[in-house]
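Colleague: Sequence plus predicted model, see below.
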Amino acid sequence: SGTDTQQALDFTKKNYAEPNSKYFGVAKNKNVIYIHLESFQQYLIDFKLNGEEVTPTINKFFHDKETIAFDNYFHQVGQGKTSDAEMMLENSLYGLASGSAFTSKGNNVYQSQPAILGQHGYDSAVFHGNTRSFWNRDAIYKEFGIKNFFDSSYYDMNENDTLNYGLKDKPFFKESIPMLETLKQPFYAKFITLSNHFPYPISEEDATIKPATSGDSTVDSSFQTARYLDEAVKQFMTYLKKSGLYDNSVIVMYGDHYGTSENRSSALGEVLGNDDVTPFDVAQLQRVPFMVHVPGVKGFVDHSYGGQIDTLPTVLHLLGIDSKDYLQFGTDMLSKQHNQTVPFRNGNFVSDKVSYINGVFYDQKTGAVIPSDKVTDEMKAQHNYVNNSLGFSDKVLQQDLLRFYTPKGFKATDRSDYNYNHQTG
Ligand code: GP9
Ligand code: MN
């Protein structure tokens, strides 16, 4: 109802973080290119397997002199996995406590990034080498205001170029280029990769690094598929530089969620040199990369704690669009007022000071358990914030509350404006 909408708005308004004047608008009118790194976790950055970097291209991007990179950024997905990551990145709304909001809330009203940018003169497209109906993307993308969706029907899905969920990343980027070139600038473009996905199959020919040797074959080959993804990204970066797009685009790379589930964490720990992976360690392993390359900006590694929910306000502010009138649950990670409490979808959280995992508080620096008589009011307030944030976001999705609120200057999206069919012949 209208009252619930107002309560959710009051909550997000109270948490709103003002843009940092040093970064507000530094990327104004630039193209926005998202590279969705499938199942890519932060531990891969700079990691060496047998003395060799696994992902040299992505590492270089992380350390680039024009990249703002975050090393305490966490995925916050639930059962909706990739689709939850997309939900957060496009809307700054959480996925749901169970199932995928993409599937169950595909016809809700949204005020998403592609629509917002569309009203600032941006064209938009998503590129993905799987069938459009997967995760109900073809329905919800229309509500998000995505003008073009190049799914597998636009690509050559021959046997040699496909594996696991769809098109392999190298042919994917290669074939995407001519379609990308049909967009009007400035554009928003998102490339959702696939090859680095459980159970991490890879052909001998595509494997350019030896597997790890934990004995868990999925953990072991994931380093090979991560390398393959890295090589695909390298080819795409070469194109972006040659075409000039690199210099007039903001390029965002992010990991969507963990690639190794908790029950395999001892095998992963063995590769990473940790022989006793505790629940605290598992929470820390939920870090994924978030890196933003902005031409002309002096890059650095930002150690602020944040998560996928914070991505949209961060990027909007770089583009010079204030997030203040939007109903968003994250805050700009570059803002001095950024909230460093990072809710996980199950109600656990991490922050710069403490983690809260399955009912237990831990000191974030030492990993030591905080006895219950040492739990402070501030920690309780953090816990409360997490429950409220997830709770209000759930209400927005469950009751389709954005129907009752239109941000200043925002024109509602109309799904009948969009058609993703591939016209052939
Ligand atoms: C499917 C791909 C994978 O199209 O995005 O989704 P996931 O299994 O990672 O949620
Ligand atoms: Mn995924």
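Modeller: Structure received. Numbering: from 1, shown residues only. Ligands and ions are numbered 1, 2, ... in the order given.

Colleague: three-state assignment of the residue of the chain found nearest ligand 2?
Modeller: Of all residues in the chain, the one sitting closest to ligand 2 is Thr82 (3.3 Å; C-beta to the ion). Every residue, glycine included, has its C-beta placed from N, CA and C. When classified by DSSP: H, G, I helix; E, B strand; the rest coil, Thr82 comes out as helix.

Colleague: For the closest residue to it other than its chain neighbours, give me its contacts.
Modeller: With sequence-adjacent residues excluded and distances taken as C-beta to C-beta, 6 or more residues apart in numbering, Thr82 is closest to Asp256, at 5.2 Å. Asp256 is in contact with 36-40, 75, 77, 81-82, 85-86, 288, counting by C-beta atoms under 8 Å, 6 or more residues apart in numbering.

Colleague: that older thread, in contact with the residue of the chain closest to ligand 2, which residues are there?
Modeller: Applying C-beta under 8 Å, 6+ apart, the residues contacting Thr82 are 36, 38, 135, 192, 256-257.

Colleague: ditto for Phe329
Modeller: Shown in contact with Phe329 (C-beta under 8 Å, 6+ apart): 12, 15, 92-94, 309, 389, 392-393.

Colleague: Secondary structure element for Tyr188, which one?
Modeller: strand 187-192 (DSSP states H and E).

Colleague: Which strands or helices does that strand pack on?
Modeller: In terms of contacts (3 or more C-beta pairs under 8 Å, 6 or more residues apart in numbering; DSSP states H and E), strand 187-192 is packed against strand 31-37, helix 113-118, strand 123-128, helix 169-180.

Colleague: which bits of this protein sit near ligand 1?
Modeller: Within the chain, the positions near ligand 1 by C-beta under 6 Å from any ligand atom are 81-82, 130, 134, 165, 192, 197.

Colleague: okay, these in TSV with pLDDT and distance to Asp417 next?
Modeller: Shown next, in TSV, are these (pLDDT from 0 to 100; distance: C-beta to C-beta, whole Å):
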residue	pLDDT	distance to Asp417
Lys81	98	29
Thr82	98	25
Asn130	98	24
Phe134	98	22
Tyr165	97	29
Ile192	99	22
His197	98	32
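
Colleague: which of those residues has the most neighbours?
Modeller: In terms of neighbour count, Thr82 stands highest of those at 24 neighbours, by other C-beta atoms under 10 Å.

Colleague: mind checking how far that one is from Pro279?
Modeller: To Pro279, Thr82 is 25 Å away according to C-beta to C-beta, to the nearest Å.

Colleague: Then Phe349?
Modeller: Taken as C-beta to C-beta, the span from Phe349 to Pro279 is 13 Å.

Colleague: Comparing the two, which residue is more hemmed in?
Modeller: Phe349 (26 against 15).

Colleague: so the more buried one touches Tyr356, yeah?
Modeller: Yes - the pair formed by Phe349 and Tyr356 meets the contact definition of C-beta atoms under 8 Å, at 5.0 Å.

Colleague: what touches both of those two?
Modeller: With C-beta under 8 Å, 6+ apart, Phe349 and Tyr356 have common neighbours 382-383, 386.

Colleague: Filter these down to the ones in strands?
Modeller: Among those, none falls in strands (DSSP state E).

Colleague: could you dump those residues to CSV with distance to ligand 2 and pLDDT?
Modeller: As requested, the shared contacts of Phe349 and Tyr356 are exported to CSV (distance: C-beta to the ion, whole Å; pLDDT from 0 to 100):
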residue, distance to ligand 2, pLDDT
Gln382, 28, 98
His383, 28, 98
Val386, 24, 98
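
Colleague: out of those, who's nearest ligand 1?
Modeller: Comparing the shared contacts of Phe349 and Tyr356 against ligand 1 with C-beta to the nearest ligand atom places Val386 closest, at 23.5 Å.

Colleague: Please enumerate the helices of the chain.
Modeller: 2-15, 56-63, 81-91, 101-104, 113-118, 137-143, 169-180, 217-243, 265-272, 279-284, 311-318, 377-398 (DSSP state H).

Colleague: which residues touch the residue lying closest to Ala139 once chain neighbours are set aside?
Modeller: If the residues on either side of it in the chain are set aside, Ala139 comes closest to Gly106, at 4.0 Å by C-beta to C-beta, 6+ apart. Residues counted as contacts of Gly106 (C-beta under 8 Å, 6+ apart) are 136, 139-140, 143.

Colleague: Show me where this protein dips below the pLDDT cut-off.
Modeller: 425 (pLDDT under 70).

Colleague: what does this protein put close to ligand 2?
Modeller: 81-82, 256 (C-beta under 5 Å from the ion).

Colleague: Could you save those as a markdown table and add columns showing distance to Asn59?
Modeller: Below are those laid out as a markdown table (distance: C-beta to C-beta, whole Å):
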| residue | distance to Asn59 |
| --- | --- |
| Lys81 | 25 |
| Thr82 | 23 |
| Asp256 | 19 |
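
Colleague: ok, now which ones touch the residue nearest to Val219 when sequence neighbours are not counted?
Modeller: With sequence-adjacent residues excluded and distances taken as C-beta to C-beta, 6+ apart, Val219 is closest to Ala267, at 4.5 Å. Counting by C-beta under 8 Å, 6+ apart, Ala267 touches 214-216, 219, 260.

Colleague: again with Asp71
Modeller: Going by C-beta under 8 Å, 6+ apart, Asp71 touches 42, 45, 287, 301-303.

Colleague: Same question for Glu262.
Modeller: Glu262 touches Val282, counting by C-beta under 8 Å, 6+ apart.

Colleague: Look up how far ligand 1 lies from it.
Modeller: According to C-beta to the nearest ligand atom, to the nearest Å, Glu262 and ligand 1 sit 16 Å apart.

Colleague: Just want to check the distance between that residue and Ala97.
Modeller: For Glu262, the distance to Ala97 - C-beta to C-beta - is 18 Å.
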